[in-house]
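A.B. asks: What follows is a predicted protein model with its sequence.
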Amino acid sequence: MESTLRQAAERGELILQYQPKYDLGTRQLVGVEALVRWNHPTLGLVPPARFIPLAEETGLIGMVGEWVFRAACAQARRWREAGCRMQVSINVSARQFREPDLANRMLAIMAEIGVDAAGIELELTESVFMEDATRAVSTLERLKAAGVRIAIDDFGTGYSSLSYLQRLPLDVLKIDQSFIQNLSEGPDNAAIVKAVIHMARSLGIEVVAEGVETERHANYLGAWGCTYGQGFFFGRPMAAEDVIARSATAH
């Protein structure tokens, strides 16, 4: 797996799919999350849960992460040229984020491709701030100053989430799907979700709910003030050409 992963990008085996993100008020498509897949020659379509940990363990995550970033930026530009302005969210792993000069490399790639930085959003988990919070904040501030949006992913799954909200230059907070999928199991889950939404809005941070699987989820979240939702109710990860077909259509 490691030896073939080293050549995967060069052989064109890495591909991106895009999970749609909808405005919960208007039910309009407003953005997508870029998700990498490995089209392995013998194993077929390999999900990231199988090969991203391998990439991190073997030091290949920088190569994979840079390919994803470059490919997603190029697709964002193609959509813009086609008249479809789409916010594209790109995941950055903790190990990739620790690489030196990451901000400069990302800014150079965006300049080379000619993509609008305001259309790019980086998604990071709070684990990226555990080792060196000061350096992490500096890197994010550099990217945000260039127009890139910053999102914290899987919010609520770590013990230190609250302590970082005031320090980080965040634009978006993504509520982990485990909270959304358990909304119907009792009032406690709903109370937690509503509290997170209220807290984020009071800090001027937009909220995305992950794992929206039913219309009831979407209706509750919209009524509570959540800005955006993504999940199987709105659409599974899809090819770039399918995003265009959806871009002008209300859900």
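C.D. replies: Good, I have the coordinates.

A.B. asks: Roughly how far does the nearest residue to G229 once chain neighbours are set aside sit from S89?
C.D. replies: Once flanking residues are discounted, G229 sits nearest to V212: 4.1 Å by CB to CB, 6 or more residues apart in numbering. No exception for glycine: its C-beta is placed from N, CA and C like everyone else's. With the distance defined as CB to CB, to the nearest Å, V212 ends up 15 Å from S89.

A.B. asks: Please name the residues that touch R201.
C.D. replies: Counting by CB atoms under 8 Å, 6 or more residues apart in numbering, R201 touches 207, 225.

A.B. asks: do you know how far it is from W224?
C.D. replies: For R201 relative to W224 (CB to CB), the value is 10 Å.

A.B. asks: quick one: average pLDDT of stretch 90-107?
C.D. replies: The average of the pLDDT scores along stretch 90-107 is 92.

A.B. asks: Going by neighbour count, which residues of it are buried?
C.D. replies: Going by neighbour count (16 or more other CB atoms under 10 Å), the buried part of stretch 90-107 is 90-98, 102-103, 106-107.

A.B. asks: ditto for stretch 115-135
C.D. replies: For stretch 115-135, by 16+ other CB under 10 Å, it's 115, 117, 119-126, 128-129.

A.B. asks: Need the mean per-residue confidence for that stretch.
C.D. replies: Computed over stretch 115-135, the average pLDDT equals 87.

A.B. asks: what are the ranges of the strands in the protein?
C.D. replies: 14-23, 29-40, 44-46, 87-91, 120-124, 149-155, 172-175, 206-209, 228-229 (DSSP state E).

A.B. asks: circling back to that earlier point, in terms of neighbours, single out the busier of V212 and S89.
C.D. replies: Using other CB atoms under 10 Å as the criterion, V212 and S89 rank with V212 on top: 28 against 24.

A.B. asks: quick one: the more buried one and G235 touch, right?
C.D. replies: No. Taking CB atoms under 8 Å as the definition, V212 is not a contact partner of G235, at 10.3 Å.

A.B. asks: All good on my end, thank you.
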